[in-house]
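Participant: My questions concern the predicted model and sequence given below.
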Amino acid sequence: MKNLVLFRNNLRIQDNPALFHACQTGKVLPVFIFDENSTKKPLGGASKYWLHHALLSLNNDLDNSIIFIKGNIVDNIKILCQKYFIDAVFLDKSFTPDEIAQDIKIDSNLFDEKIKVNFYNCSLLWEPKDILKSDESPYKVFTPFYKRGCLAAPIPDKPAGKPEKINLIRHNENNKSLESLNLLGNFDWYSKLNKHWDISEKAALSKFSNFKNKKIDRYKVDRDFPYLDSNSKLSPYLRFGMISVNRMWHELLLLEKNGGVLHYMSELGWREFSYYLLYHFPSMTNENFQQKFNSFNWLNDSNQIESWKRGDTGFPIVDAAMRELWQTGFMHNRMRMVVASFLVKNLLVDWRIGENWFWDCLVDADPASNIAGWQWAAGTGADAAPYFRIFNPILQGEKFDPDGLYTTHYIPELKNIPIKNLQKPWEYNCGSEYTNPIVDYKFSRQRALLAYQDIK
DNA sequence: TTTTGAGTTGTTCGA
DNA sequence: GTCGAACAACTCAAA
């Protein structure tokens, strides 16, 4: 048998059901097709950077045999199938609206060519279609979804393991290189990301095992403090499937179920929930999950939006977080909530503007989690934060960066401010370069409460 | 059908 | 400084 393995969102050798089964039944032609027109939203810059390096590593692990193609996914699969007398195509199953549409096209087109197409769920612990309430409708609240839905459902598949042997089909497509995809473009921004990330399947596995051995027991408490580096930072690896979530889950099941372990598992549950919501409610990709917000009058002040993006709002914890994002392609979880609350509530900016910026800047920009997270923060989503929950950036900074280590790391111009003034430097006349607050916190809080009350 | 309890991550105010 | 209540109903999920 000659099998074409199409890599998409699962760029790994181990525990990859599509690759595993292809290897078991025949020889393998590994292919990656970059089809920019198949999704409504092109990949963001940081995602392209990550994807490039993930592919570089995967290709290296496969004796540099991957065929890289830029263009239409269906057309190119058909061409390769004819040229190499392919019997079957193996690929990972999609769960986001655009990619599901792509799956259907691939399936029907290859059916016409009499080529067998084998989809495998390589991405999620539970398929969204399998988790439903007793009346067959989807859950909209996380806790029952997770506890009654997921945890009561059959245990997720065990990880597939590593293929015993990968017999590669020889080909002569040397011109179809990774560089031809031009994922990196000409931006110099990427060079600084290299300092922060080791992008390979091996790195993902060792990062997980390090987290499991050294951090997870304190995760429940330490996860809130951005300077502790206490979180797994596996999100970008999970985004492109450089580690199998099934493998993670089954390894976690072997641990003593303390608070840290259970909390981390529930965070994987949140990842499931995001995909689940997007699967059952695809319109939330662009629209408010709660339609009543469609009439909300966002202020969208372009100067303030720019200040937020640059990390120049005058609120140290917000600015530190936005600069972390720009410098590392990542932002700590709690900080994401703080900057999102600030943008959406204190500046009254449409969540989609924040979502787009994160999409462009985050190396872990995930099509489901990014949307679900922003809708949650904005209060427009399923099971969302109540409207009166407005994070106070001064308080959040004092509580979760008590020694100011995170804040001053990203805003060195505040190094000499006494700690009691660090989160409100405007009360301490230091002659620093640091900017004045772009809004009055108390005023903006009241304004948000009034605006959100109108929607009720 | 009706009822009941619950819902990721917060802040402020007043006692 | 600490603590509980208010913030505000509303929708969801399940009995």
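Facilitator: Everything's here; your move.

Participant: alpha carbons only for contacts and neighbour counts from here, please
Facilitator: Will do.

Participant: Now do the contacts for the spatially closest residue to residue A:365 that is not a sequence neighbour.
Facilitator: In space, and not counting its chain neighbours, residue A:365 is closest to residue A:359: 5.1 Å by Cα to Cα, 6 or more residues apart in numbering. For residue A:359, the set of contacting residues under the criterion of Cα atoms under 8 Å, 6 or more residues apart in numbering consists of A:43-44, A:47, A:365-366, A:370.

Participant: In chain A, where is pLDDT below threshold?
Facilitator: Counting by pLDDT under 70, the ranges of chain A that qualify are A:430-431, A:456.

Participant: longest helix of it?
Facilitator: Across chain A, the longest stretch assigned as helix under DSSP state H is helix A:259-280.

Participant: Would you mind listing the buried residues in that helix?
Facilitator: Neighbour counts using 16 or more other Cα atoms under 10 Å place A:260-266, A:268-280 of helix A:259-280 among the buried residues.

Participant: How far off centre is the helix or strand just after it?
Facilitator: Heading C-terminal from helix A:259-280, the first helix or strand you meet, by DSSP states H and E, is helix A:302-310. The chain centroid and the centroid of helix A:302-310 are separated by 23 Å under Cα atoms, centre = their mean, to the nearest Å.

Participant: my read: residue A:162 touches residue A:20, true?
Facilitator: Yes: in this structure, residue A:162 is within contact of residue A:20 by Cα atoms under 8 Å, at 6.9 Å.

Participant: Which one's more surrounded, these two?
Facilitator: Between residue A:162 and residue A:20, counting by other Cα atoms under 10 Å, residue A:20 is the more crowded of the two (21 against 16).

Participant: how close does that one get to DNA strand C?
Facilitator: The gap separating residue A:20 from DNA strand C is 35 Å, by Cα to the nearest atom of the strand, to the nearest Å.

Participant: my guess is that residue contacts residue A:159, does it?
Facilitator: No: counting by Cα under 8 Å, residue A:159 is not a contact partner of residue A:20; they are 10.5 Å apart.

Participant: Over to the spatially most distant residue from the centre of chain A. Which of the three states is it?
Facilitator: Relative to the centre of chain A, the most outlying C-alpha is that of residue A:429, 40.1 Å out, by Cα atoms, centre = their mean. When classified by DSSP: H, G, I helix; E, B strand; the rest coil, residue A:429 comes out as coil.

Participant: quick one on the thing from earlier: the residue nearest to residue A:365 belongs to a helix?
Facilitator: Yes: counting by three-state DSSP, residue A:359 is located in a helix.

Participant: From DNA strand B, how far off is it?
Facilitator: The gap separating residue A:359 from DNA strand B is 17 Å, by Cα to the nearest atom of the strand.

Participant: ok, now residue A:62?
Facilitator: In this structure, residue A:62 and DNA strand B are 35 Å apart, going by Cα to the nearest atom of the strand.

Participant: Need phi/psi at that residue.
Facilitator: With angles defined as degrees, to the nearest 10, residue A:62 shows backbone torsions of phi -110, psi 40.

Participant: Tell me who's in contact with residue A:309.
Facilitator: A:322, A:357.

Participant: what's the spacing between it and residue A:118?
Facilitator: Taking Cα to Cα, to the nearest Å as the criterion, residue A:309 is separated from residue A:118 by 43 Å.

Participant: Residue A:399 now?
Facilitator: Counting by Cα to Cα, the gap between residue A:399 and residue A:118 amounts to 51 Å.

Participant: More neighbours: which of these two?
Facilitator: Each of residue A:399 and residue A:118 has its neighbours counted (other Cα under 10 Å); residue A:118 has more, 16 against 13.

Participant: Now the more buried one. Nearest residue, chain neighbours left out?
Facilitator: Beyond its immediate neighbours in the sequence, the residue positioned closest to residue A:118 (Cα to Cα, 6+ apart) is residue A:90, lying 4.8 Å away.

Participant: Just give the number of residues close to the one you found.
Facilitator: Residue crowding around residue A:90 was assessed by other Cα under 10 Å; the count is 25.

Participant: can you list the residues of the stretch 351-456 of chain A near DNA strand C?
Facilitator: Counting by Cα under 7 Å from any atom of the strand, the positions of the stretch 351-456 of chain A adjacent to DNA strand C are A:386-389, A:449, A:453, A:456.

Participant: got these as CSV, with distance to residue A:350, neighbour count and secondary structure columns?
Facilitator: Listed next are those as CSV, based on distance: Cα to Cα, whole Å; neighbours: other Cα atoms under 10 Å; DSSP: H, G, I helix; E, B strand; the rest coil:
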residue, distance to residue A:350, neighbour count, secondary structure
A:386, 16, 13, coil
A:387, 14, 18, coil
A:388, 17, 15, coil
A:389, 17, 14, coil
A:449, 15, 16, helix
A:453, 16, 11, helix
A:456, 17, 8, coil
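
Participant: can you tell me which of the residues you listed are up against DNA strand B?
Facilitator: The overlap between those and the neighbourhood of DNA strand B (criterion: Cα under 7 Å from any atom of the strand) consists of A:388-389.

Participant: now, the most widely separated pair of the residues of the stretch 351-456 of chain A next to DNA strand C?
Facilitator: Of all pairs drawn from these, the widest gap by Cα to Cα lies between A:389 and A:456 and measures 14.5 Å.
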